[in-house]
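Engineer: One predicted model, sequence on top.
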Amino acid sequence: MIDFVAAANYSYTQTVVHNSYFNCALVIAIGLLVTYGGIGRLVRRAIFRKKGVWVEGEVTKIVELAGTDNQPVYYPVITYTTLENEIITTHYDAVHRRPSLYSVNDKVIVIYDPKDKREIIINDGSGEKLGWVLAVFGLLMLLYGCMILRTFL
């Protein structure tokens, strides 16, 4: 009977350690993905700023969508003129806001991709903030996962 209890206790300990390693690996993997997403967003915006074409645009409409909590979120519709005098109207739904950052007739600096003129970013810094938040949060998760892992070694 004592051997059975000892074997059951050993099995329970092994399961707990295995689950702890799994949780640690999960935290590290999520941290890596979030960090990659944040840094990727920052790099993409930096490349876009360097290679994109800068023009002035105007907010022509504010679109309202139902958010995840049934509260409305907003994004602007932007009209701008390319260097080839082509007038383009496109929506900027990269980041939904509540309340809207923009009002109709607001002037904004638009950076568009010369290869795909409908691909834009608005030079207001909001996308960079999200990139930094994701990168820092991901690094904190990585650090936390490594600290947990260190307790097992």
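Structural biologist: Thanks, I have it.

Engineer: where does the protein dip in pLDDT?
Structural biologist: Within the chain, the segments meeting pLDDT under 70 span 1-18, 94-96, 126-127, 153.

Engineer: so where do the helices sit in it?
Structural biologist: 2-51, 126-152 (DSSP state H).

Engineer: among the ones you listed, which is the most enclosed?
Structural biologist: Highest mean neighbour count of those: helix 126-152, a mean of 15 (counted as mean count of other C-beta atoms under 10 Å). (C-beta placed from N, C-alpha, C; glycine too.)

Engineer: Present the helices of the chain as CSV; the columns should include distance to Asp113.
Structural biologist: Formatted as CSV, the helices of the chain follow (distance: least, C-beta to C-beta, whole Å):
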stretch, distance to Asp113
helix 2-51, 7
helix 126-152, 14
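
Engineer: how about the ones you listed, which one is nearest Asn70?
Structural biologist: Closest to Asn70 of these, according to C-beta to C-beta: helix 126-152, at 23.0 Å.

Engineer: Off-centre distance for stretch 134-144?
Structural biologist: How far stretch 134-144 lies from its chain's middle: 13 Å, per C-alpha atoms, centre = their mean, to the nearest Å.

Engineer: Run through who's touching it.
Structural biologist: 27-28, 30-39, 41-42 (C-beta atoms under 8 Å, 6 or more residues apart in numbering).

Engineer: change it to 6 Å
Structural biologist: Contacts to stretch 134-144, defined as C-beta atoms under 6 Å, 6 or more residues apart in numbering, come from residues Val27, Ile30, Gly31, Val34, Thr35, Gly37, Gly38, Ile39.

Engineer: what's the most distant pair in these?
Structural biologist: Val27 and Ile39 (18.4 Å).

Engineer: Please name the nearest non-neighbouring residue to Arg41.
Structural biologist: Distance criterion C-beta to C-beta, 6 or more residues apart in numbering; nearest residue to Arg41, sequence neighbours excluded, is Gly131 at 3.8 Å.
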